[in-house]
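K.L.:
give me the fold of what follows.
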Amino acid sequence: MHRPGPADRRVDRVQRIDLPTHNSVFGSLPRLTANQLVDATERVNLYGRGGAAFPFSRKLQSVMQSARQRRKRIVILVNATEGEPGSAKDRMLLLRSPYLVLGGALIAARALQAREIVIGVTRTDMARSINSAASAEPDLRRLVRVVMVPDRFVTGEGGALVNALNGKTPVPPGRKVLPSDYGIHDLPTLLSNAETYAQIAVLAMLGPEGYASTGTRDEPGTTLLTVGGSADRPAVVEVPFGLPLGEVLDLCSASPADGVLVGGYHGMWLPAATAYAVPVSREGLAAVGGTLGSGIVLPIGDGTCPLGEVSRIASYLAGESAGQCGPCKLGLPAIARALAALIDGSGGIEALDVARRSAAGVNGRGACSHPDGVTRFVLSALDVFTEDLAAHVFHSACGRPVRGVLPLPAGPEQEVRQRLEVDWTRCHGHGLCAHLVPELIHLDAQGYPVILNIPVPAWLDRDAQQAVHMCPALALRLSNTTPTPNRTVPVTIPAPTLRTGLVGGASGSRRQITAG
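P.N.:
Here you go, the predicted model:
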C-alpha cells in the first residue's frame, strides 16, 4: 500500500485535494467484484454513517438480489443532503476531499455494473465541488449526476431523497419502500450517505486487515464526528471506534457543564459524566441509552440555558414536520408550545405535564421516524437537565440567557419564509385563527392567540393564508422573514493524534493532524 512521503497533503493542511494530490496521498483505486465488495464490508462490519446504522453488506446483497430478480440495472445513490443542522462531515468531505466519496461510489458502481451515480445535495458549493471533481476523471465524468433538492430536515431521510429525485414531494414515504427494490426511477438503488462511500474507498485501499487495524474488534475503523454546541473549537474530527468521547470533547475544548447531545436532533442527551466515559461506538452508546446517529456531538456549557436551547430546537423540529400524520402535525407543535411556556415562566408544572403527555402520545405513531426522534430528543433533555427544569418549574426561570449555541439552518441556501403575526391593536380574541391553524396557533386563558415561533411550513401555507383572509378584525397577517444567523460548525480539523484514513493518507499509520 502506498505510504505518503514528504509531499503528503491532507484535508487538514489544504483547502481542497485535487485529483493528482489525491492519487499521491491515497494511491490508485482498486477494482473489486461484487462478491469481493460484499465480503470486505462484511468482514469489517461496515455500517451506514447516515444515522440508521444499517449493515452495508446487507444493502449490497439486497440490491443485487432485486436486480437479478427484476432484471433491472442498478443505480448508485449518494445522500449528501445532510439535513441535520449540526452536521458538517459530508460537507467537509465533498468540499475538501471529494475523490474519497466519488471513489467509493465508483468502486460500488464498477462492482455492481451500475451505469449511473446520482449525488443528492442541498448546497450549490457542494454541487460545484462534485461537478468539478468528476469532470477531471473520465469514468466519473461519464457516470456522475448531481441533483439539488430542497434544504429541509426531513429531506435528509433516504426515502424523502428518493421521492425528490423521482419528481415527487421530498418527504419520507408513508409506507416502507426499500430503495434496494424501488429507488430512482423505480430501479434497484444502492443508497447510502457520503461518509459511507468514503469509508468504502478507504476499505478498498487498505484491505479488511488494514482497515481493522484501528477501532475495536466488533466495530473496526474510524468515524467522523461533527463537534459543535458550546465547544470553543468546533470541528469535524475523525476518531477510531472505542475512543472515549471525553477525549473528543477535550480535543475540541468543550466543557459540557450540563450535558452532551449525541446523535443530532433525533439523538439523546447524556449527562456530562456519562458522556466523558462512554466510548464512541454503537454498542457503547446503546449501553447508556444513546445512539451515535449521524455522528453529531453537541455539548452544552454553563453559559446558556439548556432547556431554552432545547425549546428552540423543538420549535424548529415542529416546523420541519412533513405534515403527513396527525401525531406529527399536532403533537410536535404541542410539545414545542409546552416547552416555550415552561421557559418563559408562564407554564410551570402544567406545561411540563403537557410536554411529557404530548411526547408519549406522539412516540411510535408517526408515518416516519421524525416524531420518534423528536420525542427522544425532548424526553432525554427533561431527564438530564433536572436542576434547570426545577428552576423553570418552581421559580419561572434559571437566570441564564438563551444564547443559541445549538445550530439552526441559516445561510444563502435558506430561502425567505413567512411567519404569522398579530396586530394587537386590532385583535379582539375571536379565536377563529386557532380553529383554522391549530398546528401553529392556540388560545391563552383569555382567549387570545399564541403563535408558535416558527416559519409557516409549506404544508400549512394554504391554511395560514385562509386564517389571514378570514380574521374578522383583520389582525392576523403573514410577514416575510429571513433566517437569523446561528452558530455553525466550520469545516476545520483540530489537532488530535488519531488514525488518519479519511482525513489523511491510506497508509493506516498513526500521524499528527495539524490545525485546519
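K.L.:
every contact and neighbour count from this point should use C-alpha atoms.
P.N.:
Noted.
K.L.:
and the residue nearest in space to the middle of the chain, how close does it get to residue 408?
P.N.:
Nearest residue to the geometric centre of the chain (CA atoms, centre = their mean): residue 84, 2.9 Å. Taking CA to CA, to the nearest Å as the measure, residue 84 falls 9 Å from residue 408.
K.L.:
same deal with residue 430?
P.N.:
34 Å.
K.L.:
the two: who's more crowded?
P.N.:
residue 408 (19 against 14; other CA atoms under 10 Å).
K.L.:
so what's that one closest to, chain neighbours aside?
P.N.:
residue 85 (5.4 Å; CA to CA, 6 or more residues apart in numbering).
K.L.:
can you check residue 241 too?
P.N.:
residue 215 (4.3 Å).
K.L.:
ok, how many other residues are close to that neighbour?
P.N.:
20.
K.L.:
might one say that residue 76 is in contact with residue 118?
P.N.:
Yes. Counting by CA atoms under 8 Å, residue 76 touches residue 118, with 6.2 Å between them.
K.L.:
secondary structure class for the residue nearest to residue 408?
P.N.:
Using DSSP: H, G, I helix; E, B strand; the rest coil, the structure places residue 85 in coil.
K.L.:
list the contacts for it?
P.N.:
Going by CA atoms under 8 Å, 6 or more residues apart in numbering, residue 85 touches 153, 407, 408, 409, 488.
K.L.:
and the second one, what helix or strand is that in?
P.N.:
Using DSSP states H and E, residue 407 sits in no helix or strand.
K.L.:
pLDDT score assigned to it?
P.N.:
Note on residue 407: pLDDT of 94.
K.L.:
then the first one?
P.N.:
pLDDT, the model's per-residue confidence, is 87 for residue 153.
K.L.:
and if you look at the last one?
P.N.:
Taken from the predicted model, the pLDDT recorded for residue 488 is 49.
K.L.:
with residue 147 instead?
P.N.:
96.
K.L.:
quickly list what it is bridged to.
P.N.:
residue 120 (DSSP bridges).
K.L.:
ok, now which ones touch it?
P.N.:
118, 119, 120, 121, 127, 165.
K.L.:
show me the shaky parts of the chain.
P.N.:
Filtered on pLDDT under 70, the chain yields the residue ranges 1-13, 174-175, 410-416, 481-516.
K.L.:
can you tell me the element residue 419 falls in?
P.N.:
strand 417-422.
K.L.:
ok, then the element right after that strand?
P.N.:
helix 432-436.
K.L.:
can you mark which positions in that next one are buried?
P.N.:
Residues 432, 433, 434, 436 are the ones in helix 432-436 that count as buried (16 or more other CA atoms under 10 Å).
K.L.:
mind checking how far the second one is from residue 465?
P.N.:
Taken as CA to CA, the spacing of residue 433 relative to residue 465 amounts to 10 Å.
K.L.:
tell me, how many residues neighbour residue 149?
P.N.:
Neighbour tally, residue 149, other CA under 10 Å: 18.
K.L.:
ok, residue 286 next?
P.N.:
12.
K.L.:
returning to what we had before: if the residue nearest to residue 241 is in a bridge, with which residues?
P.N.:
Applying DSSP bridges, one finds that residue 215 bridges with residue 220.
K.L.:
for it, which residues are in contact?
P.N.:
221, 222, 240, 241, 242, 243 are the contacts of residue 215 under CA under 8 Å, 6+ apart.
K.L.:
okay, the residues you listed in CSV with neighbour count, distance to residue 33 and secondary structure next?
P.N.:
Below are the contacts of residue 215 laid out as CSV (neighbours: other CA atoms under 10 Å; distance: CA to CA, whole Å; DSSP: H, G, I helix; E, B strand; the rest coil):
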residue, neighbour count, distance to residue 33, secondary structure
221, 27, 22, coil
222, 25, 24, strand
240, 23, 28, strand
241, 22, 28, coil
242, 22, 31, coil
243, 18, 33, coil
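K.L.:
contacts only, for residue 320.
P.N.:
152, 153, 154, 457.
K.L.:
apply the buried test to the residues you listed and list what passes.
P.N.:
152, 153, 154, 457.
K.L.:
skipping adjacent residues, who's closest to the last one in space?
P.N.:
It stands for residue 457. residue 319 (5.6 Å).
K.L.:
dump the residue contacts of the one you found.
P.N.:
Counted by CA under 8 Å, 6+ apart, residue 319 has contacts 333, 454, 455, 456, 457.
K.L.:
give me the distance between residue 281 and residue 62.
P.N.:
The value you get for residue 281 to residue 62, if CA to CA is used, is 25 Å.
K.L.:
these two - which one has more neighbours?
P.N.:
A count of neighbours by other CA under 10 Å puts residue 281 above the other of residue 281 and residue 62, at 24 against 19.
K.L.:
I figured the more buried one hits residue 244, correct?
P.N.:
No. In this structure, residue 281 is not within contact of residue 244 by CA under 8 Å, at 9.2 Å.
K.L.:
which other residues reach the longest helix along the chain?
P.N.:
For the chain, the helix with the greatest residue count under DSSP state H is helix 194-211. Identification of contacts with helix 194-211 by CA under 8 Å, 6+ apart yields 1, 26-30, 32, 40-41, 43-44, 47-50, 78-80, 89-90, 93-94, 100-105, 107, 220-221, 224, 501-502, 506-508.
K.L.:
from these, list the buried ones, please.
P.N.:
Using 16+ other CA under 10 Å, the buried ones in those are 26-27, 29, 32, 40-41, 44, 47-50, 78-80, 89-90, 93-94, 100-105, 107, 220-221, 224, 501-502, 506-508.
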